[in-house]
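Student: Curious how this folds, go ahead:
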Amino acid sequence: MTTVLLVDDEKLILRSLEKTLLRAGFDVVTAADCRSGSEIFAKNPDAVNIAVLDLNMPSFDGTPKTGAGLDLLADLKKQKPSLPVVILTAYDEVNKAKDSVAGGASAFFVKGREQGLVELIEKILNG
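Tutor: Okay, here's the model as predicted:
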């Protein structure tokens, strides 16, 4: 079973993406901010096959931060350098896409096309 760590502070988006991933056959572990995402991952990093992180959400100190997902990306990569990570954003921000890929993300995905996310995850995991 493939497990996805899904971190997004917007409840409706989190639930929608979680349902889509569960229907596609993935196990899904969710968190709403950087700190809880990092803590959940740290408990069992080998159980998580891929992480999907919102770009803008509460950071490690709990305050909303633009680009906080890049901080969590760096944290997860320290814990497990081989972890594939997809960064989610509500906007098509080309510079942020470059930052996330430079920071070690496998890909960048604009929210709103859930099925496209499933295909992207499968593509990354299947090489």
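Student: contacts, neighbours, all on C-alpha from now
Tutor: Will do.
Student: So for the residue nearest the centre of the chain, what pLDDT did the model give?
Tutor: The centroid of the chain falls nearest to V52 when counting by C-alpha atoms, centre = their mean (1.7 Å). For V52, the model assigns a pLDDT of 98.
Student: Quick one: classify it as helix, strand or coil.
Tutor: Under DSSP: H, G, I helix; E, B strand; the rest coil, the three-state class of V52 is strand.
Student: got a list of what L88 touches?
Tutor: V52, L53, D54, L55, F108, F109, V110, K111 (C-alpha atoms under 8 Å, 6 or more residues apart in numbering).
Student: quick one on the thing from earlier: so the residue nearest to the centre of the chain is in contact with T89, correct?
Tutor: No - in this structure, V52 is not within contact of T89 by C-alpha atoms under 8 Å, at 10.5 Å.
Student: coming back round to it: looking at the contacts of L88, state which has the most neighbours.
Tutor: D54 (32 neighbours; other C-alpha atoms under 10 Å).
Student: quick one: low-confidence parts of this protein?
Tutor: 91-92, 94 (pLDDT under 70).
Student: Okay, helices next: where are they in the protein?
Tutor: 11-23, 34-43, 68-79, 94-102, 114-125 (DSSP state H).
Student: Work out the gap between the shortest one and the centre of the chain.
Tutor: By that I understand helix 94-102. Chain-centre distance of helix 94-102: 14 Å, with C-alpha atoms, centre = their mean, to the nearest Å.
Student: residues of that helix that come out buried?
Tutor: K96, A97, S100, V101 (16 or more other C-alpha atoms under 10 Å).
Student: any idea which of those is the one closest to S38?
Tutor: The nearest member of the buried residues of helix 94-102 to S38, counting by C-alpha to C-alpha, is S100 at 17.2 Å.
Student: Quick one: residues contacting that closest one.
Tutor: So S100 contacts L70, I87, A107, F108 (C-alpha under 8 Å, 6+ apart).
Student: switch to 10 Å and redo it
Tutor: 55, 67, 69-71, 73-74, 85-88, 94, 106-108 (C-alpha atoms under 10 Å, 6 or more residues apart in numbering).
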